[in-house]
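> sequence first, then the predicted structure:
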Amino acid sequence: MAQLEVSDFAQAVIDRMGDCKDARFKLIMTALVKHAHAFAREVDLTPDEWMAGIQFLTATGQKCDERRQEFILLSDTLGMSMLVVALEQARGAKALKDKPGEKPTEATVQGPFFWPGAPKKELGDDIGAGHGEPTLYHGRVTDTFGKPVAHCELDVWSGDDEGFYDMQKGDSMSLRAQFRTDKDGNYRFWSIKPTFYPVPGDGPVGAMLAKMGRHLNRPGHMHMMLNAPGHERLITHIFVNDSPYLDSDAVFGVRNSLIVDFPKHPPGKAPDGREMKQPYYTAKYDFRLVPSA
């Protein structure tokens, strides 16, 4: 067997995939090998540096458990999560290019704090009492042609007024719930005005960001995941318009179309008829879902 030189290793690995039957897998792995080897050659990677990388990935995996996903955090903070979201939206936009209808709501990252199985609540329920400044979220869900999406499931979650999620504090579920739109596609629920917060900095990703000279912070936002039969799933946020870090989100997730006014109101009757004894906020946002192919 001929000895391989520095420039030969990538092609040698690719050639070993000659019997691969999965064309898409082969395409992805071929590109991965090419770029990974090119990266190592470009920076003239040393054995100690490569071992440090292996140890970093090992530590990242060891930090994961049923409530914490350090690899998602790594993907988010390196911009990979939003890149994949943007690529998916670009494919969707291309498919809709010649079709009538309004532009669908933009997606953003899911983040590492989604917790399946949130409690099912009725429209208008309050899931934020005692956790921060009360806020009424309301709006309508339609498709891109303006047709209301009845009984659409909205999975919502956020951190508390100090920026911590329930799973970070070891608590039972709080500040998260599932709602369903009414027959006209309307939704409404009470929670809190989200504040900016740092992503977890006590693990390998936090150490990486510190060495990169980057901050940990995300602007205040409410997570929304929308699921409805006959429509593509949407994972997105509602961002608070006056929050810090809108221009430097640690996970690159901000979209201008998702920044929402949170007007403050004095005590009195709220738009849903509730009598408020303290000042409160409102946040109105209408979602447009893409009909399934």
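Yep, that arrived.

> please enumerate the helices of the stretch 101-250 of the chain.
All helices of the stretch 101-250 of the chain, identified by DSSP state H, counting those that start in this stretch, fall at 166-169, 204-212.

> okay, those helices in JSON lines with mean pLDDT and distance to Val141 next?
Every C-beta, even on glycine, is put in place using the N, C-alpha and C of the backbone. Putting the helices of the stretch 101-250 of the chain into JSON lines (pLDDT from 0 to 100; distance: least, CB to CB, whole Å) gives the following:
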{"stretch": "helix 166-169", "mean pLDDT": "87", "distance to Val141": "25"}
{"stretch": "helix 204-212", "mean pLDDT": "97", "distance to Val141": "34"}
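
> so which of these gets nearest Lys34?
Across those, Lys34 has its closest neighbour in helix 204-212 (24.6 Å, CB to CB).

> give the buried residues for the closest one.
Burial within helix 204-212, assessed by neighbour count using 16 or more other CB atoms under 10 Å, is assigned to Pro204, Val205, Gly206, Met208, Leu209.

> ok so, going back, Asp286: which of the helices of the stretch 101-250 of the chain is closest?
In terms of CB to CB, the element of the helices of the stretch 101-250 of the chain nearest to Asp286 is helix 166-169, at 28.0 Å.

> buried residues in that closest one, which are they?
Buried, per 16+ other CB under 10 Å, within helix 166-169: Asp166, Met167, Gln168.

> name the nearest of those relative to Glu232.
Proximity of these to Glu232 (CB to CB) peaks at Met167, which lies at 27.1 Å.

> quick check: closest non-adjacent residue to the closest one.
Arg67 (4.2 Å; CB to CB, 6 or more residues apart in numbering).

> with Cys20 instead?
Closest residue to Cys20 apart from its sequence neighbours, by CB to CB, 6+ apart: Lys26 at 4.4 Å.

> residues touching Lys264, list them.
Going by CB atoms under 8 Å, 6 or more residues apart in numbering, Lys264 touches Pro279, Tyr280, Tyr281.

> surely the first one is in contact with Pro263?
Just to be clear, that refers to Pro279. No: using CB atoms under 8 Å as the test, Pro279 is too far from Pro263 to be in contact (10.8 Å).

> now do the same end-to-end measure for stretch 116-126.
Stretch 116-126 stretches 19 Å from its first residue to its last (CA to CA, to the nearest Å).

> in that stretch, which residues are buried?
Ala118, Lys121, Asp126.

> so which of those sit within strands?
Using DSSP state E, the subset of the buried residues of stretch 116-126 located in strands is empty.

> what is the nearest of the residues you listed to Leu226?
Set against Leu226, the nearest of the buried residues of stretch 116-126 by CB to CB is Ala118 (13.6 Å).

> run through the residues that contact the closest one.
Ala118 makes contacts with Asp155, Val156, Trp157, Met173, Arg176, Ala177, Gln178, as judged by CB under 8 Å, 6+ apart.

> pull the longest helix from the protein.
In the chain, assigned by DSSP state H, the helix with the most residues is helix 23-43.

> how about that helix: buried residues?
Across helix 23-43, burial judged by 16+ other CB under 10 Å covers Thr30, Val33, His37, Ala40.

> same check on stretch 227-235?
Asn227, Ala228, His231, Glu232, Leu234, Ile235.

> any stretches of the stretch 51-200 of the chain with poor pLDDT?
Along the stretch 51-200 of the chain, the model assigns pLDDT under 70 to residues 98.

> which stretches of it form strands?
For the stretch 51-200 of the chain, the strands defined by DSSP state E, counting those that start in this stretch cover 134-143, 153-157, 176-180, 186-192, 197-198.

> from Ala40, how far off is Ala59?
The gap separating Ala59 from Ala40 is 21 Å, by CB to CB, to the nearest Å.

> correction: Gln69
Here the criterion is CB to CB. By it, Gln69 lies 27 Å from Ala40.

> ok, Pro200 next?
29 Å.

> same thing with Asp65?
Asp65 is 31 Å from Ala40, where distance means CB to CB.

> quick one: which of the strands of the stretch 51-200 of the chain is nearest Gln89?
strand 134-143 (16.3 Å).

> who are the packing partners of the closest one?
The contact analysis (3 or more CB pairs under 8 Å, 6 or more residues apart in numbering; DSSP states H and E) places strand 134-143 against strand 186-192, strand 280-284, strand 287-289.

> could you dump the ones you listed to TSV with mean neighbour count and distance to Thr142?
What follows is the helices and strands packed on strand 134-143, written out as TSV (neighbours: other CB atoms under 10 Å; distance: least, CB to CB, whole Å):
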stretch	mean neighbour count	distance to Thr142
strand 186-192	22	10
strand 280-284	19	14
strand 287-289	22	6
